[in-house]
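[1] here's a sequence, model it:
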Amino acid sequence: MEHINVKNNDIEKVLNEINEDFPDATGSTFFVAQYTDKFDVGIWNKDIIKNVNKLLELRVFDKNKEWKLFRSDIGKDFSYRFQGEDDNKGEGVDYFDEIQLLDIDTKRSSKDSRKMCTMAGGKYNLPKDISDLDRAAIRVRHYFGVDNESGQAFIRDYRLVDFESADKRDYSKDLKGV
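    You can find the predicted model right below:
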């Protein structure tokens, strides 16, 4: 997962590469964009990013791959990386999937529109129809690295995989001595 600097901050070139990699972007190709003044989530299309002046990070993904375009602050250069499942078929590539529940205030959000309200009052679009909003989640794949000196494992990168409905679990059955 090599991070590559964007030469001359030519964001259009990277966005064109992303669009070439997702030529038939459908309802299963998503994006998450973090700006200095907002957060945007939705179904990807080639015209979704209009202005990169306040953009800090863009992730475009489906179940098999993710493009990540990012910078640390306004005025800094962008970098990018591509991560696909084919890159992780080799021996010694370890990862685990985490299911993160989304912040949705189900009393204020509407199942009819995909506009969700957070518990703190923010709003975002849920780009996929999930019937049980209490269990709406995003799957995040964490990739391990190993420190050469200590042998300690660490999470070297992650990618977004999909929006889904998380399974309900009864954690009480896992408690010992109750």
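[2] quickly find the element holding the residue nearest the centre of the chain.
    Central residue check for the chain by CA atoms, centre = their mean: the C-alpha nearest the mean position is that of Leu160, 3.4 Å away. Mapping Leu160 onto the secondary structure by DSSP states H and E places it in strand 153-165.
[3] repeat for Ile48
    Taking DSSP H and E as the definition, one finds Ile48 inside no helix or strand.
[4] so what sits opposite the nearest residue to it once chain neighbours are set aside in the bridge?
    Once its chain neighbours are removed from consideration, Ile48 has its nearest residue in Phe31; the separation is 6.2 Å (CB to CB, 6 or more residues apart in numbering). Glycine gets a C-beta too; all of them are placed from N, C-alpha and C. For Phe31, the beta-bridge partners under DSSP bridges are Gly42, Val60.
[5] contacts only, for Phe31.
    Under the criterion of CB atoms under 8 Å, 6 or more residues apart in numbering, the contact list for Phe31 reads Asp40, Val41, Gly42, Ile43, Trp44, Ile48, Leu58, Arg59, Val60, Phe61.
[6] ok, of those, which come out buried?
    Buried by 16 or more other CB atoms under 10 Å: Val41, Ile43, Trp44, Leu58, Arg59, Val60, Phe61, out of the contacts of Phe31.
[7] the first one contacts Ile48, doesn't it?
    No. Taking contact to mean CB atoms under 8 Å, the distance of 10.7 Å between Val41 and Ile48 leaves them out of contact.
[8] who touches both of these two?
    If you check Val41 and Ile48 against CB under 8 Å, 6+ apart, the residues they both contact are Phe31, Ala33.
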